[in-house]
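S.K.: Any chance you can model this:
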Amino acid sequence: MYFPFILILLLTSSFTTSTPTNSFSGLHFFNVADVKEYEGIYSFQEDSPVRKYTITSKDNDLYGEADSYGANKLVKQAEADTFVSTSTYGSTIIFTRDGSTKKVTGLRLIIQGNTLQASRDK
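M.R.: Residues are numbered from 1 along each chain as shown. Below you'll find the model as predicted:
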C-alpha cells in the first residue's frame with residue numbers, strides 16, 4: 001500500500017537539487033601581499049550616503065566597513081578585484097586600478113541597485 005508512495009518519494013528526491021544562494025566560503029587569498037594591496041580608507045563624494053569605506057584584513061581575509069557600521073567579511077569572487085560583502089545588504093565591491101601602475105586607486109560599491117564611487121585616500 002505504501003510502496004508506490006515511497007517509490008515516488010525516493011525517485012523525486014533523487015532528482016531535486018538545491019542551489020546555494022550565497023556561499024561565503026571557498027575562495028581565499030594565498031599570501032598576505034594579495035590582501036594588503038586592498039587595505040586602506042576609501043572616500044566617497046560629499047553627497048553620498050556613505051562617507052568612507054575602510055578595508056582591513058585579518059587571518060588573510062578582507063573586511064569592509066561603511067562609515068562606522070561594523071566590519072563585514074568580503075568574499076573574493078571569480079571576477080578580478082571583485083568581492084561580495086557578508087552584510088545583510090550583500091553589497092558588491094569592485095576595486096579600480098590605475099591603468100599604467102595597476103595599483104588600487106578606488107572602489108565601486110554596488111548596494112541595493114545603486115553604484116557609489118570612492119577614491120582611495122593617500
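S.K.: contacts and neighbour counts: CA atoms only from here.
M.R.: OK.
S.K.: Pick out the residue nearest the middle of this protein.
M.R.: Centrality entry for the chain: nearest residue to the mean C-alpha point is V84, 1.4 Å, by C-alpha atoms, centre = their mean.
S.K.: Quick check: closest non-adjacent residue to that residue.
M.R.: Closest residue to V84 apart from its sequence neighbours, by C-alpha to C-alpha, 6 or more residues apart in numbering: T92 at 4.5 Å.
S.K.: For stretch 57-67, give the mean pLDDT please.
M.R.: Average pLDDT, stretch 57-67: 95.
S.K.: Isn't the residue nearest to V84 up against T86?
M.R.: No. The criterion here is C-alpha atoms under 8 Å, and T92 misses it with T86 at 9.6 Å.
S.K.: shared neighbours, these two?
M.R.: Common contact partners of T92 and T86 (C-alpha atoms under 8 Å, 6 or more residues apart in numbering): none.
S.K.: Across the sheet, point out what pairs with the residue nearest to V84.
M.R.: Beta-bridge partners recorded for T92 (DSSP bridges): V84, I110.
S.K.: what do you get for R97?
M.R.: Bridge pairing for R97 - DSSP bridges - gives V104.
S.K.: check contacts around it.
M.R.: R97 neighbours (C-alpha under 8 Å, 6+ apart): 103-106.
S.K.: Next, the contact list for the residue nearest to the centre of the chain, please.
M.R.: With contact set as C-alpha under 8 Å, 6+ apart, V84 has these partners: 74-77, 90-93.
S.K.: Looking at those, spot the one nearest Q45.
M.R.: Nearest to Q45 among the contacts of V84: I93, at 16.4 Å, using C-alpha to C-alpha.
S.K.: In contact with that closest one, which residues?
M.R.: Taking C-alpha under 8 Å, 6+ apart as the test, what I93 contacts is 82-85, 107-110.
S.K.: Distance to T54 and pLDDT for the residues you listed - can I get that in TSV?
M.R.: Formatted as TSV, the contacts of I93 follow (distance: C-alpha to C-alpha, whole Å; pLDDT from 0 to 100):
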residue	distance to T54	pLDDT
T82	16	96
F83	14	96
V84	15	97
S85	13	96
L107	11	98
R108	13	98
L109	12	97
I110	15	97
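S.K.: Redo those as CSV? Include distance to S119.
M.R.: As requested, the contacts of I93 are exported to CSV (distance: C-alpha to C-alpha, whole Å):
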residue, distance to S119
T82, 16
F83, 17
V84, 19
S85, 19
L107, 7
R108, 9
L109, 11
I110, 15
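S.K.: Right, I'll call it a day here.
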